[in-house]
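>>> Sharing a sequence plus its predicted fold:
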Amino acid sequence: MKKIAFISAVLFFSLSTAVLAAFEEHVDEALNHVNQAAEHGKAGHAKILVEHAKLAEDHILAASIEAKGAVKGHLDAATKSIQDAVDHGELGHTDVALKSVEQTAEHLNASKK
């Protein structure tokens, strides 16, 4: 019985560690794309900003699947901000899209704390 409990505990720990690593990987990838979107936004490249914003959104959504509590709140806010960036970028409103990208970065960084 002790062996079963020990094996169960090890498996649970391994799975929870893998989920945490996947969460962090998705947030890091999202931040990478958000930073790229910001660079292109500052250069006035709305189309490329949108491309990176969409990639960031995919990673934000993947990270939010396992998130809970305040972290989930930050990821939900990041999702809204990045969608605003996509919407404004597609309309050519690069300045507004850039502000939304910057807000997204703030929420992603807050989700890592």
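Cool, got the structure.
>>> Could you use CA atoms for every contact and neighbour count after this?
Will do.
>>> Show me which positions of the helix or strand where Glu102 lies end up buried.
For Glu102, the host element (DSSP states H and E) is helix 94-111. Using 16 or more other Cα atoms under 10 Å as the test for burial, helix 94-111 gives 94-105, 107-109, 111.
>>> Let's check: the centremost residue of this protein is which one?
Ile60 (2.9 Å; Cα atoms, centre = their mean).
>>> From Gln103, how far out is His59?
According to Cα to Cα, to the nearest Å, His59 and Gln103 sit 16 Å apart.
>>> Same question for Glu39.
Distance from Glu39 to Gln103, by Cα to Cα: 14 Å.
>>> His40 touches Ile48, doesn't it?
Yes: with contact defined as Cα atoms under 8 Å, His40 counts as touching Ile48 (6.4 Å).
>>> Which neighbours do these two have in common?
Applying Cα atoms under 8 Å, 6 or more residues apart in numbering, one finds that no residue jointly contacts His40 and Ile48.
>>> Asp87 is in contact with Val96, correct?
No: counting by Cα under 8 Å, Val96 does not reach Asp87; the two are 9.7 Å apart.
>>> Contact partners for Leu55?
Neighbouring residues of Leu55 by Cα under 8 Å, 6+ apart: 30, 33.
>>> Model confidence for it, exactly?
Listed pLDDT for Leu55 reads 98.
>>> Next SSE downstream of the helix or strand hosting it?
For Leu55, the element it lies in under DSSP H and E is helix 46-64. As assigned by DSSP H and E, the chain's next helix or strand after helix 46-64 is helix 69-90.
>>> If anything else comes up later, I'll come back, but that's it for now.
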